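Visitor: Sequence below, structure please.
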Amino acid sequence: MLELADIEAARERVAQTARGTPLEYSHTYTAMTGAEVHLKHENFQRTGAFKIRGATNRIATLSEAAKEKGVVTASAGNHAQGVALAATRVGVDSTIVMPEHAPTAKVKATENYGAEVVLHGANYDAAAERAHEIEREEDRTYVHAFDDEQVMAGQGTLGLEIVEECPDVETVVVPIGGGGLISGIAAAVKGIDPDIRVIGVQAAGASSAAPSLQKGERVVIDDVETIADGIATRSIGDRTFAHIQEYVDEVVTVTDAEIAVTMVYLLERSKTVVEGAGAVGLAATIFDAFDYDEGEVIVPLLSGGNVDMNTLTTVIMRGLVEMGRYLKLRTVLKDRPGSLEELLAIAAGHGANIYSIHHDRTSREIELSDAEIELELEVRGHDHADALVDSLRQAGYQVEQLD
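Guide: Below you'll find the model as predicted:
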């Protein structure tokens, strides 16, 4: 089991590559929750995520002979970039196996950090299988993304920073994918003060930690489905499970809708980009996934900011829908001059802003004298949207609200 001394020893090694990241009090989320919320911005870390810490510590603790032979790993994202940069900084050769359909931006970023990228397989499991083949063929050291004590100790340096930057912290909220991050952080903060509460958060569509704790053994789920791709694992690790059992007070889940809304809040209120996995801790706090007291000092960890731009566009729209600020309606008008103007006058009277109008006379589901209309509108919230829909229905329109 990791102890505080292991994490303190990792700190000097980690500092060779990783940087300390800011921890900031948030007026916005304090007002929203009633707790005293401080955000730990690991999304400002080199490579855009916390993974550089564990990778740096693991590579730094290799023997000289192992460094000469190089390292290998499999990853589709943050771990790939962390290992690549950590290895390059100390002159160690690195090979990263990524799935064939990994985002081009992530492949290029990993190559730019100095790694040789091998594209193999349709998913992470296939990539990992090839990475282990390279490990055996070339006698390289496999750098596991989470189930490794030195990786966990490196991630745990975040816990040291949190307590130093926010000495009054009462609760730390940490994402869980494979469990390496929360294992290190929990060991660190509990080693400093056993009374600090550690809450782990998983996406509801990739939740293996809570059932594992309930059953007393690791549970492997069949499928994962979440926008938080950085924590979309089928199971936590063997070593990390033991640490979660020992150090973590509670594990909760949040939905994709809650994650999307939180990402929008962070963009709009905090002016910061956070990926889905990085937003789950704040989402759990905002949406009351765990109990806390008025004024409790809570530090949600924003663990990374590497989000694909296409994904971010989808998430923003989903978040606006969930917040009631994007409304999509369908109705049928008589196909005559002035009909559309009458409809739009009601929307304008409510102060709704029109994103787009789709006008279709060809639908086989309507009469020949009718036209089907789809409206996409910007509104101010659920109450505003409901008032607009009510007015349209009172005016005689058959309105269908679309997802």
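
Visitor: where along the stretch 151-300 of the chain do the strands fall?
Guide: 171-175, 197-203, 250-254, 297-302 (DSSP state E, counting those that start in this stretch).

Visitor: List the buried residues in the second one.
Guide: When you say that, I think you mean strand 197-203. Residues of strand 197-203 classed as buried: 197-203 (neighbour count, 16 or more other C-beta atoms under 10 Å). (Each C-beta comes from the backbone N, C-alpha and C, glycine too.)

Visitor: Could you do stretch 302-312 as well?
Guide: 302-308, 312.

Visitor: Straight-line length of it, end to end?
Guide: Using C-alpha to C-alpha, to the nearest Å, one end of stretch 302-312 lies 16 Å from the other.

Visitor: quick check, distance from it to the centre of its chain.
Guide: From the chain centre to the centre of stretch 302-312 is a distance of 7 Å (C-alpha atoms, centre = their mean, to the nearest Å).

Visitor: swap in stretch 291-302?
Guide: 19 Å.

Visitor: what does that stretch rub up against?
Guide: When contacts are defined by C-beta atoms under 8 Å, 6 or more residues apart in numbering, stretch 291-302 is touched by residues 23, 33-43, 158, 162, 166, 168-175, 181, 185, 266, 272, 274, 278-279, 281-282, 284-285.

Visitor: go with 6 Å
Guide: Contact partners of stretch 291-302, identified using C-beta atoms under 6 Å, 6 or more residues apart in numbering, comprise 34-43, 162, 166, 168-174, 274, 278, 281-282, 285.

Visitor: Stretch 352-367 too?
Guide: So stretch 352-367 is contacted by 332, 371-379, 388 (C-beta under 6 Å, 6+ apart).

Visitor: Helices of the stretch 51-200 of the chain, residue ranges please.
Guide: Ranges of helices in the stretch 51-200 of the chain, per DSSP state H, counting those that start in this stretch, are 51-60, 64-69, 78-89, 104-112, 124-138, 149-165, 180-192.

Visitor: Can you point out the buried residues in the shortest one?
Guide: Taking 16+ other C-beta under 10 Å as the basis for neighbour counts, the residues of helix 64-69 that come out buried are 67, 69.

Visitor: which outside residues touch that helix?
Guide: Under C-beta under 6 Å, 6+ apart, the answer for helix 64-69 is 92, 139-141.

Visitor: again, but for stretch 225-235
Guide: Outside stretch 225-235, the residues that reach it (C-beta under 6 Å, 6+ apart) are 175, 177-178, 203, 205-206, 208, 218, 220-221, 224, 256, 259, 275-277, 280.

Visitor: before we move on, what about stretch 16-33?
Guide: Contacts for stretch 16-33 (C-beta under 6 Å, 6+ apart): 36-42, 44-45, 52-53, 56, 86, 89, 161, 165-166, 269, 285.
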